[in-house]
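K.L.:
sequence unknown, structure follows:
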């Protein structure tokens, strides 16, 4: 089996990132060193923080919220919003959450909750001042990711 060096990447983790390590060579071709990499849909960075992954999740959900707004403008009933949420938005929120959810900072958790709140406000007629968990309970959208 031959290694395709154009698809092979190297990521240095931990304290070794500050040192000048030589780049590895495979069949006289240099392997690219990266600081972030997407592996099976999870963005990993060399500092092992989840900020890059959370940013990608929020970006992906934000684009999907546009379609949710279009569905609301088209006059669809609330049951269709729930179906859209369960099939299109929630899988993005929960994908590989067992891997990264425990290590989120408060700011990262709040940014995910803000996207979730936007989703609820688009689809439901709920007052803006209601606490987040009350909003989830009211909509029956409680998922294990958000209950602590």
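P.N.:
Sure, I can see it. On a predicted model such as this, the values are computed, not experimentally measured, just so you know.
K.L.:
isn't residue 43 up against residue 56?
P.N.:
Yes - Residue 43 is within contact range of residue 56, at 5.4 Å (criterion: CB atoms under 8 Å). To be clear about C-beta, it is placed using only N, CA and C from the backbone, and glycine gets the same treatment.
K.L.:
roughly how far is the host helix or strand of residue 58 from the heart of the chain?
P.N.:
Here residue 58 sits within helix 51-73, counting by DSSP states H and E. Distance of helix 51-73 from the chain centroid (CA atoms, centre = their mean, to the nearest Å) equals 10 Å.
K.L.:
what's in contact with that helix?
P.N.:
36, 42-45, 80-81, 84-85, 88-89, 92-93, 100, 104, 108, 111-112, 115, 118-119, 122-123 (CB atoms under 8 Å, 6 or more residues apart in numbering).
K.L.:
against residue 7, how distant is residue 108?
P.N.:
30 Å (CB to CB, to the nearest Å).
K.L.:
any idea of the pLDDT on residue 95?
P.N.:
Residue 95 is assigned a pLDDT of 91 by the prediction.
K.L.:
swap that for residue 44, sorry
P.N.:
For residue 44, pLDDT reads 90.
K.L.:
Three-state assignment for it, please.
P.N.:
Secondary structure for residue 44, judged by DSSP: H, G, I helix; E, B strand; the rest coil, is strand.
K.L.:
what residues does it make contact with?
P.N.:
So residue 44 contacts 11, 36, 37, 38, 52, 53 (CB under 8 Å, 6+ apart).
K.L.:
and for residue 46?
P.N.:
11, 12, 13, 17, 34, 35, 36.
K.L.:
need the three-state assignment for residue 130.
P.N.:
Going by three-state DSSP: residue 130 is coil.
K.L.:
from memory it sits against residue 138, does it?
P.N.:
Yes - contact criterion CB under 8 Å: residue 130 and residue 138 qualify, at 7.4 Å.
K.L.:
what domains does the record give for the protein?
P.N.:
9-34, 51-139 (automatic domain parsing).
K.L.:
quick check: which of these is buried the most?
P.N.:
domain 51-139 (a mean of 14; mean count of other CB atoms under 10 Å).
K.L.:
tell me the pLDDT at residue 67?
P.N.:
91.
K.L.:
then residue 112?
P.N.:
pLDDT, residue 112: 89.
K.L.:
what does the helix or strand containing it contact?
P.N.:
In this assignment (DSSP H and E), residue 112 forms part of helix 106-123. Outside helix 106-123, the residues that touch it by CB under 8 Å, 6+ apart are 50-51, 54, 57-58, 61-62, 65, 68-69, 72, 78, 81-82, 85, 89, 93, 104, 126, 128, 132, 135-136, 139, 141, 146.
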